[in-house]
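1. got a predicted model here, sequence first, then my questions.
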Amino acid sequence: MPNSLSWQVIASVGTRVAIGAYPLVFIAAFGWVHGKVAFDAAAAAINWAAYLNVFLLSGFALVPPAVARLRADPSRAQPHAQALADHIALARWLLGAAAFAALLLWGMIDRAFPALSDAAEGRLAIWYPLFALLGIAQIPLTLWLGVAQATLNHWLAFGWLAGSRTASALAVVASGWAGLSATATIGVAVAIVVLAQIAFAKTARAAVLALDSGLPSLKGRVRNVLQANASAGLIALIGTVVTIVPVTLVGHVRPAEVGTAHVIVALSNAFGAFVVAAFLPLSLTLADQAASARTPKPYCRRVATAVAALTWLTIAFGWLLYALCGAAAWRCGAGLFVVGTLVILGSGLRLAALGVYHVALFRGRPHVALLSATCEAAIVLGTMATLLEAMHLAALGVAFALGGAARAGVALTIELRVLTAEDR
């Protein structure tokens, strides 16, 4: 398989989209097989388990740059290999913390979604631990995915992760033919994904050992990387207000619409995964582009322009689907497409700040993005709390659009100015 940057982008996009779109594909297939009540209850359980994503610490964003430096500068392997060993130790510590948090969340899910808990006849508390297992398994997954992609094993990651999620979704559909219960369906689907991730982690570890066979002898020290990752983790924590809390609010206030809200937000997350993955290979070249690393404005503008183009293409494609839907005389609500358009627009505006975040990560200063992330989260949460009762799902679209505009505006002005000032 060719290993040019374009092929890396394709594989990276395919992998991240498969991960980001899996909750959407799963819930759609699950609802089709098991009905509307199961659809909404499973969406609530997935949403509640998604709060464990805070332990991803923004996807161990500092791992790929460290591995990329290890690959680019083998003569100075020790500090880069030590950084990886420290992150492996951190992942183990986070697994324990996430398991404890999952138990706490388990005790609160029925109170968070009281109407859905009654409608699902107690199954919500049974399904949540299964989705929590999937969420906890994301911690080592994001670590080793960063390692695999930084060692240019993009197609290896795509094969394992996209393939397993495809098999899991097909298993959900097959469960309807086999007559499996909803609980058994979820168990099988989660098992397929988790077992594949374990196998993938082993292959990714072998790839990095080929770069530095002395990695197992290094003792990981969590304290070495905790502060930097805590900064990125705080950004992830604030980001849950944008990607998770809105669905919880809808589920609590408008329980009959929680499934639809989850699908809309999942589409936004899948689009975000696509954009982030598309620019990941480019971000890893900052180590080789001294000028771009020192003078970030051209790089940040290049990313923002490309993200804007992808956003408008995605929106245009969505409305093309709406036109085809109407031509086929299917029941397609224009209101949902409007909400979806606003959500994608908000996601595109948020991701216009991606180049600024790349430079901040490269410099080991992820906390620079805290200001824009906080502004976005405050606006999204405030808008949802104010408009949800009156506007229903439309409040979701408005909140995403306003929050994304704030994120882009602050990042491309204030935060970029901070990074540029460091060059003087």
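-> On my side now, so go ahead. None of these values were measured; they are calculated from a predicted model.

2. convert stretch 105-119 to CSV, retaining C-alpha atoms only.
-> Extracted in CSV, the C-alpha atoms of stretch 105-119 (Å, rounded to 0.1, in the frame of the first residue of the first chain):
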residue,chain,number,x,y,z
LEU,A,105,-22.6,7.1,36.9
TRP,A,106,-24.3,3.7,37.0
GLY,A,107,-26.0,4.7,40.2
MET,A,108,-27.4,7.9,38.7
ILE,A,109,-28.6,6.9,35.2
ASP,A,110,-32.2,6.2,36.3
ARG,A,111,-32.5,9.6,37.8
ALA,A,112,-31.0,11.3,34.8
PHE,A,113,-33.5,9.7,32.4
PRO,A,114,-36.5,8.8,34.6
ALA,A,115,-39.1,8.6,31.8
LEU,A,116,-36.9,6.4,29.7
SER,A,117,-36.0,4.2,32.6
ASP,A,118,-39.7,3.5,33.3
ALA,A,119,-40.4,2.9,29.6
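
3. for that stretch, list every residue counted as buried.
-> Neighbour counts using 16 or more other Cβ atoms under 10 Å place 105, 109-110, 112-113, 116-117, 119 of stretch 105-119 among the buried residues. Yep, even glycine has a C-beta here, placed from its N, CA and C like the rest.

4. taking the residues you listed one by one, which sit in helices?
-> 105, 109-110, 112, 116-117, 119 (DSSP state H).

5. for Glu257, state which of these is nearest.
-> Each of those was checked against Glu257 using Cβ to Cβ; the closest is Leu116, at 11.2 Å.

6. which of the buried residues of stretch 105-119 sits closest to Leu371?
-> Leu105 (28.8 Å).

7. wait, that closest one touches Asn47, no?
-> No. In this structure, Leu105 is not within contact of Asn47 by Cβ atoms under 8 Å, at 10.9 Å.

8. poorly predicted segments of this protein, please.
-> Applying pLDDT under 70 to the chain flags residues 1-6, 57-62, 64-66, 68-80, 152, 211-216, 232-233, 284-294, 326-333, 422-424.

9. and the longest helix for it?
-> The helix of greatest length in the chain, counted in residues with DSSP H as the criterion, is given as helix 296-327.

10. list the contacts of the residue nearest to Val172 when sequence neighbours are not counted.
-> What sits nearest to Val172 in space, not counting adjacent residues and going by Cβ to Cβ, 6 or more residues apart in numbering, is Ala29, at 4.3 Å. When contacts are counted by Cβ atoms under 8 Å, 6 or more residues apart in numbering, Ala29 touches 169, 172-173.

11. and the helix or strand harbouring Ala29, which residues are buried?
-> With elements delineated by DSSP states H and E, Ala29 resides in helix 5-34, which encompasses its position. Along helix 5-34, these residues count as buried under the neighbour rule (16+ other Cβ under 10 Å): 8-31, 33-34.

12. what packs against the following helix or strand past it?
-> Elements were assigned by DSSP H and E; along the chain past helix 5-34, the next helix or strand is helix 36-49. In terms of contacts (3 or more Cβ pairs under 8 Å, 6 or more residues apart in numbering; DSSP states H and E), helix 36-49 is packed against helix 5-34, helix 77-106, helix 109-112, helix 114-119, helix 124-150, helix 182-211, helix 245-253, helix 258-283.

13. nothing else from me, thank you.
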